[in-house]
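Q: Fold the following for me, if possible:
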Amino acid sequence: MASLCRNMAVFLFFVSPLMHSHLFALASTSSPPITRKRITFLTGLGSETDDTDYEDFSSPPEVVPSVKIPRLYSDFICQYDPCLENQEPCDHLKAKTGCLCPGRSGGDKPPHAPRIQALLPITEGENAGKIEVQWCAPQSVVSSYKVIVEGSDNAMQFGDAFRRGFVGSLEVGTKVCVEAVNNAGHSSPSDFSCKRFERPESSDHKLMAGVIGGGVAFILLLVIVAVVLCRRQMCQKARRESVIGLGNPSYKAERAS
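A: Residues are numbered from 1 along each chain as shown. Next comes the predicted model:
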């Protein structure tokens, strides 16, 4: 009897691990799946909605930038021409439309030099005999302009909205400069802020030059036509002589002798 009990104990010792693993596998297959927690939202007067998963990360939230950087286009440049006078200042245009003004130096610094466009003699009207000085404004704060004529002690002064002024008659080669002025000082002369007066060609000289040029061109055309006609006549004469020679054997013999 003791041996039988001992044999049963040994049998249970080897069989119990197998039964334990079989029961564990059966429990794992029969247990319900694990579900994710949900958040319940209360809307209205207590109605419940549970459509949102707590751990649903399939669609990340959209990130909206808090600061938008504007893009700059050429259309935002203010329509301001520094060579036209009596214009509305660019700062006023910027305040009205939000356009962009070109960078310029402030009133605490001497202005840059303006640029002379032309020195034009006036032949008609009340300013006949004078010289009109035209210039363009610099990219600086300007309170006034000065027109300085070489050899003259008196400088003519004009307001900041002006872009032209009249000076007396000038001799050919006289140097004229335009200076910009503000509270910090005045601009320095430069190659583009100064110009020497050159008398323009008169209409009579232009007409004479045109007549001479047209006459020379006409003579050249006649020479070319005469040469072409002469060569054509020579070719036709040579052709006729060759035809006559072929039809008259005596003519050919005479030419051979």
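
Q: Would you map the helices across the stretch 151-257 of the chain?
A: Counting by DSSP state H, counting those that start in this stretch, the stretch 151-257 of the chain has helices at residues 203-247, 249-256.

Q: rank these by pLDDT, which is bottom?
A: Ranked by mean pLDDT, these bottom out at helix 249-256, with a mean of 52.

Q: just to confirm, which helix or strand has P138 in it?
A: Assigned by DSSP states H and E, P138 belongs to neither a helix nor a strand.

Q: For V142, see how far away the residue nearest to it when sequence neighbours are not counted is.
A: Closest residue to P138 apart from its sequence neighbours, by C-beta to C-beta, 6 or more residues apart in numbering: H112 at 3.8 Å. For glycine as for every other residue, the C-beta is placed from the backbone atoms N, C-alpha and C. Distance from H112 to V142, counting by C-beta to C-beta, to the nearest Å: 9 Å.

Q: Of these two, which one has the most company?
A: Using other C-beta atoms under 10 Å, the more surrounded residue of H112 and V142 is V142, with 22 against 18.

Q: Quick one: residues contacting that one.
A: Contacts here follow C-beta atoms under 8 Å, 6 or more residues apart in numbering; on that basis V142 touches 111, 114, 160, 180-182.

Q: Check the secondary structure at it for me.
A: Three-state call for V142 (DSSP: H, G, I helix; E, B strand; the rest coil): coil.

Q: so what pLDDT did it get?
A: Note for V142: predicted pLDDT of 91.

Q: again, but for S58
A: Each residue has a pLDDT score; the one for S58 is 54.

Q: just the helices in the stretch 1-150 of the chain please.
A: 2-30, 90-97.

Q: Pull out the buried positions in the last one.
A: When you say that, I think you mean helix 90-97. For helix 90-97, the neighbour count (16 or more other C-beta atoms under 10 Å) marks 90, 93 as buried.

Q: can you tell me the average pLDDT over it?
A: Here the average pLDDT along helix 90-97 is 85.

Q: coming back round to it: weakest of the helices of the stretch 1-150 of the chain by average pLDDT?
A: helix 2-30 (a mean of 54).

Q: Who are the contact partners of L120?
A: Going by C-beta under 8 Å, 6+ apart, L120 touches 131-132, 134.

Q: what number of residues lie near K195?
A: If you count neighbours by other C-beta under 10 Å, K195 ends up with 20.

Q: Hmm, it is touching I116, no?
A: Yes: if you go by C-beta atoms under 8 Å, K195 and I116 touch, sitting 4.5 Å apart.

Q: Could you tell me which residues touch both of these two?
A: When C-beta under 8 Å, 6+ apart defines a contact, the residues bordering K195 and I116 alike are 176-177.

Q: burial count for Q139?
A: By other C-beta under 10 Å, the residues close to Q139 number 14.

Q: ok, the nearest residue to it once chain neighbours are set aside - how many residues close by?
A: Using C-beta to C-beta, 6+ apart and skipping residues adjacent in sequence, the residue nearest Q139 is R104, 3.9 Å away. Using other C-beta under 10 Å, the number of residues around R104 comes to 18.

Q: list the contacts for V141?
A: V141 makes contact with 104-107, 111, 182 under the criterion C-beta under 8 Å, 6+ apart.

Q: rerun at 10 Å
A: Each residue near V141 by C-beta atoms under 10 Å, 6 or more residues apart in numbering is listed here: 91, 104-111, 160, 180, 182-184.

Q: quick revisit: the contacts of L120 in strands, which ones?
A: Of the positions in the contacts of L120, 131-132, 134 sit in strands, assigned by DSSP state E.

Q: List buried members of the residues you listed by neighbour count.
A: Among these, those buried by neighbour count (16+ other C-beta under 10 Å) are 131, 134.

Q: related to what we said a few turns ago, give me the distance between the residue nearest to Q139 and S140.
A: Using C-beta to C-beta, R104 is found at 5 Å from S140.

Q: who touches both of the two?
A: Taking C-beta under 10 Å, 6+ apart as the criterion, R104 and S140 both touch 111-112.

Q: I'd say V149 and F166 touch.
A: No: V149 is not in contact with F166 according to C-beta atoms under 10 Å; the separation is 11.5 Å.
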